[in-house]
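>>> this is a predicted model, with the sequence first.
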Amino acid sequence: MAKSTLVVKVRIEGVREILRAFSVLPKDAQNAIRDHSQALARKLAVKAVVDVSVHGGPQGPNLATTVKAVRDRVPAIQVGGTRKLGRHLAPAYGTLFGSLFGMNGRSGWFSAARYASATGRQYRPHQGQDAYAFFPLVEREAATISREWHAAVDDVVRKFSEGGA
């Protein structure tokens, strides 16, 4: 079965090397960095809810209810899922990419023959790889999240290398 949610991890410089070095620290250090990462992801998720609501098109406010933080060693947020949204009770993953990236065609109930002459649009026009919402926010916030994540990693390493766990 295909995934029904979109999970986006914040891009952080040198993350692979740092996580590889974490393998020598105790399991509690892994959990501590997950806690810090989840806290950062929650802050980003709050901003993403607003961003998707405002810039996600007509489906944005419904889709914004599916945004949440993911517990991982790197800050990550997800959107979508199988929850039924809107008056047509479409699953969130069905409107996800149309809302974020736009669409030039018609899909779902709007592709029926009786709507063939309709001049309205179900989604905003598709503009290639440029998203209307969610992804631009993650890219804008990446530097701040990266800086805060590195500071959290330094604190965790300092705490556990001194034996203070």
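Yep, that arrived.
>>> strands of this structure, start to end?
5-9, 68-70, 76-80, 84-85, 90-91 (DSSP state E).
>>> to D130, which of those lies closest?
Set against D130 and scored by CB to CB, these come closest in strand 5-9, at 15.4 Å. C-beta here means a position set from N, CA and C on the backbone, and glycine is covered the same way.
>>> by contact count, what packs against the helix ranked longest in the chain?
What stands out as the longest helix in the chain, according to DSSP state H, is helix 27-55. On a contact count with 3 or more CB pairs under 8 Å, 6 or more residues apart in numbering; DSSP states H and E, helix 27-55 meets helix 60-64, strand 68-70, strand 76-80, helix 135-161.
>>> quick check: which of those is buried the most?
Of the helices and strands packed on helix 27-55, the one with the most neighbours on average (mean count of other CB atoms under 10 Å) is strand 76-80, at a mean of 23.
>>> who does that one pair up with?
strand 5-9 (antiparallel), strand 68-70 (antiparallel) (DSSP bridges).
>>> would you single out the least confident of those?
Note on those: strand 5-9 shows the lowest mean pLDDT, a mean of 84.
>>> so for the longest helix of the chain, mean pLDDT?
93.
>>> what's the offset of that helix from the middle of its chain?
9 Å (CA atoms, centre = their mean, to the nearest Å).
>>> mind showing which ranges of this protein have poor pLDDT?
Within the chain, the segments meeting pLDDT under 70 span 1-2, 108, 119-120, 163-165.
>>> burial check on K27, number of neighbours?
Residues lying near K27 (other CB atoms under 10 Å) number 8.
>>> oh, and call the first residue 44 from now on, that's how I've got it
Let's use 44 as the start, then, which means that last one is K70.
>>> can you tell me how far it is from R201?
Distance from K70 to R201, counting by CB to CB, to the nearest Å: 18 Å.
>>> thinking again about what came up before, can I get the helices and strands packed on helix 70-98 in a markdown table with distance to K52?
Output for these, formatted as a markdown table (distance: least, CB to CB, whole Å):
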| stretch | distance to K52 |
| --- | --- |
| helix 103-107 | 20 |
| strand 111-113 | 8 |
| strand 119-123 | 4 |
| helix 178-204 | 9 |
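>>> which one of the strands of the chain lies closest to Q165?
strand 133-134 (10.8 Å).
>>> what does that closest one rub up against?
Residues outside strand 133-134 that contact it (CB atoms under 8 Å, 6 or more residues apart in numbering) are 47, 124-128, 151.
>>> brilliant, that's me finished.
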